[in-house]
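Trainee: Quick one: sequence plus predicted model below, questions after.
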Amino acid sequence: MSNYNRDFQLHFMDTTLKTLMRKYVGSYEKARTLWTTFDMLYGALRRKGPDPTPLLQLIAFLGRGSIPFTTIVGKHEQQGAIFQVTDNGHQRGHASLLPSWLIELRSDPMILAAILEKLEASGFVKFNRSEGDRMIECLALHGLARSFLQFKFSQDETTDVVALSFLLNGLYLYDGIQIPEPNLICRNMGRLLVVLDTFLSQVPNAMLQPPNGKYLSLCVAVAPVYARVCRYAGKLNTAARLWVIVFQYRVLYAEEGMRLSDQYHEDLMEAAEVDSRLGDLEKAIDRYSAVVSSFESSSKEESEICIRAVGLLRESRERLERRERDSGRAIAAISAPKNMRHDRIDEGEEMGGSQLPEKHEEEDKEEEQKLRAAYEEDRWYGLDAAFTSAKAVWLLPPAQPS
């Protein structure tokens, strides 16, 4: 608590001098805990006007740093100082995944403006506006306030909000049709990784499994962009796990037209790349083969995706053959006699591993006898030389005095 107190005094008070938070600082300085200060402010927020609690709780789980405002309000068109939400056709398909309070908030600019005003006046949330102080570009939540809000709610409430944060951050980059450019993914990588780690740790795995997982549809809607984020960050096992969930769902529910789309093929290619990096070449070959077969069966013109798939399929097969060949040689080397020459190891591999011709066994015996004879000869030669040297020293005349 002493560390939190010091952080509060040095940083948090300086950013809240002009907000409602300031009036509670006196109580805080009179030996009240930091938790009590936040709790008093949180209670004051809920007393008047529309309740900002659901939105504040969502912001607490949207990740660290600056959070784009469109993550919350979705696609929009500016009308004065208020944003009028205008979801496109594909995003309407995700409407069933959103809670009713967020749909209502997006559809009623007056309620949204009132709640944003209360949050800004409280000091919990800081809004960053564009030039002219009209359009909100992003928002930020202080780390201490985030910790307070995350521990304020029950486990069930937390799980729902964590899942919603996972969905909204994914929809900010991915509309289900076109994957964003890698540089845009990298700019948001830090926040997305934090949200993903929270999602996978808070949501039980059973809720992500087909056919009746509570958050299965929500996860599949944005998992492709999170899987790419994991590949860029080197978290290949997590990426592979997400792709397994995606393709399990698509096998069960995807329409035939979806399986012929370029985006479906790109996802297969991306999953195959992850499998290849993990060393699972058999699975990578299956995915590349599925892409090539899809083009062949549908009589579609060969596109850039098909050409890449053919090249990567050939490369993966060559890698697998090379690995199996090297593995066979290693087994043959282990099972063969230790003094066997390399050319005979290869020869033994072709003839069935350790089953070598009888002539090789005879050659081994002859070679062993030669080595023994050479050893004995060197040994006796060494002893004879030592004896001759000692005898010569013994026969030397005694030294004459000077």
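Mentor: All right, it came through fine. Predicted, not measured: the structure shown is a model, and the values here were computed from it. Numbers count the residues shown, from 1 in each chain.
Trainee: Could you pull out the helices in the stretch 251-400 of the chain for me?
Mentor: Under the criterion DSSP state H, counting those that start in this stretch, the stretch 251-400 of the chain contains helices at 256-259, 262-278, 281-298, 304-335, 342-350, 358-395.
Trainee: weakest of those helices by average pLDDT?
Mentor: Mean pLDDT is lowest for helix 342-350 out of these, coming in at a mean of 49.
Trainee: Could you give the secondary structure assignment for Lys126?
Mentor: Secondary structure state of Lys126, per DSSP: H, G, I helix; E, B strand; the rest coil, is strand.
Trainee: Next one: it from Ile59, what distance?
Mentor: Between Lys126 and Ile59 the computed distance is 11 Å (C-beta to C-beta, to the nearest Å). Where you see a C-beta, it was placed from the backbone N, CA and C, and this is true even at glycine.
Trainee: more crowded one of these two?
Mentor: Higher neighbour count among Lys126 and Ile59: Ile59, with 24 against 17, using other C-beta atoms under 10 Å.
Trainee: Am I right that the more buried one is in a strand?
Mentor: No - looking at Ile59 with three-state DSSP, it is helix, so not inside a strand.
Trainee: and the nearest residue to it once chain neighbours are set aside, bridged to which residues?
Mentor: Excluding the flanking residues, the one nearest Ile59 by C-beta to C-beta, 6 or more residues apart in numbering is Leu141, at 5.5 Å. The partner list for Leu141 in beta bridges (DSSP bridges) reads Val125.
Trainee: Ala239 versus Val310, what's the distance?
Mentor: For Val310, the distance to Ala239 equals 24 Å [C-beta to C-beta].
Trainee: Give me the more crowded residue out of these two.
Mentor: Taking other C-beta under 10 Å, Val310 and Ala239 do not tie; Ala239 has more neighbours (26 against 16).
Trainee: Isn't that one up against Pro224?
Mentor: No - counting by C-beta atoms under 8 Å, Pro224 is not a contact partner of Ala239; they are 10.2 Å apart.
Trainee: domains in this structure, as residue ranges please.
Mentor: Domain assignment for the chain by automatic domain parsing gives 1-152, 154-253, 256-333.
Trainee: Point out the most buried one among these.
Mentor: Neighbour counts (mean count of other C-beta atoms under 10 Å) averaged over each of those peak at domain 154-253, with a mean of 18.
Trainee: What average pLDDT does it get?
Mentor: On average, the pLDDT along domain 154-253 is 92.
Trainee: Likewise for stretch 114-129?
Mentor: 87.
Trainee: how about the helices in the stretch 51-200 of the chain?
Mentor: Going by DSSP H, counting those that start in this stretch, the stretch 51-200 of the chain shows helices at 53-60, 70-73, 89-92, 100-107, 109-122, 143-150, 155-173, 182-187, 189-202.
Trainee: Could you report the distance from the closest residue to Phe124 other than its chain neighbours to Trp35?
Mentor: Leaving aside its sequence neighbours, Phe124 sits nearest to Ala145 (C-beta to C-beta, 6+ apart; 5.2 Å). Using C-beta to C-beta, one obtains 11 Å as the distance from Ala145 to Trp35.
Trainee: cool, Gly176 as well?
Mentor: Separation of Gly176 from Trp35 (C-beta to C-beta) stands at 41 Å.
Trainee: Serialize the domains of the chain to TSV and add fields for distance to Glu366.
Mentor: Compiled in TSV, the domains of the chain are given as follows (distance: least, C-beta to C-beta, whole Å):
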stretch	distance to Glu366
domain 1-152	75
domain 154-253	53
domain 256-333	22
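Trainee: Indicate which one of the ones you listed is closest to Gln369.
Mentor: For Gln369, the closest of the domains of the chain is domain 256-333, at 24.7 Å, according to C-beta to C-beta.
Trainee: thought the residue nearest to Phe124 was touching Thr37?
Mentor: No - assessed by C-beta under 8 Å, Ala145 is found out of contact with Thr37, at 10.3 Å.
Trainee: Just confirm Ser217 contacts Leu167, I think it does.
Mentor: No - using C-beta under 8 Å, Ser217 is not in contact with Leu167, being 9.8 Å away.
Trainee: So for those two, which residues contact both of them?
Mentor: Common neighbours of Ser217 and Leu167, using C-beta atoms under 8 Å, 6 or more residues apart in numbering, are Leu97.
Trainee: Can I take it that Thr238 is in a strand?
Mentor: No - counting by three-state DSSP, Thr238 is not part of a strand but helix.
Trainee: measure Phe295 to Asp286 for me?
Mentor: Taken as C-beta to C-beta, the span from Phe295 to Asp286 is 16 Å.
Trainee: what does Phe199 give?
Mentor: Relative to Asp286, and taking C-beta to C-beta, Phe199 is found at 28 Å.
Trainee: cool, and Tyr215?
Mentor: To Asp286, Tyr215 is 27 Å away according to C-beta to C-beta.
Trainee: Next up, phi/psi of Glu181, please.
Mentor: The phi/psi pair for Glu181 (degrees, to the nearest 10) reads phi -60, psi 150.
Trainee: what's the span of stretch 226-239 from first residue to last?
Mentor: Using C-alpha to C-alpha, to the nearest Å, one end of stretch 226-239 lies 8 Å from the other.
Trainee: Please enumerate residues in contact with that stretch?
Mentor: Taking C-beta under 8 Å, 6+ apart as the rule, stretch 226-239 contacts 166, 170, 179, 182, 185-186, 189, 192-193, 196, 200, 242-243, 246, 270-271, 273-274, 277-278.
Trainee: One more: stretch 154-165?
Mentor: With C-beta under 8 Å, 6+ apart, stretch 154-165 has contacts from 57-58, 60-63, 98-99, 102, 150, 153, 195, 198-199, 202-203, 215, 218.
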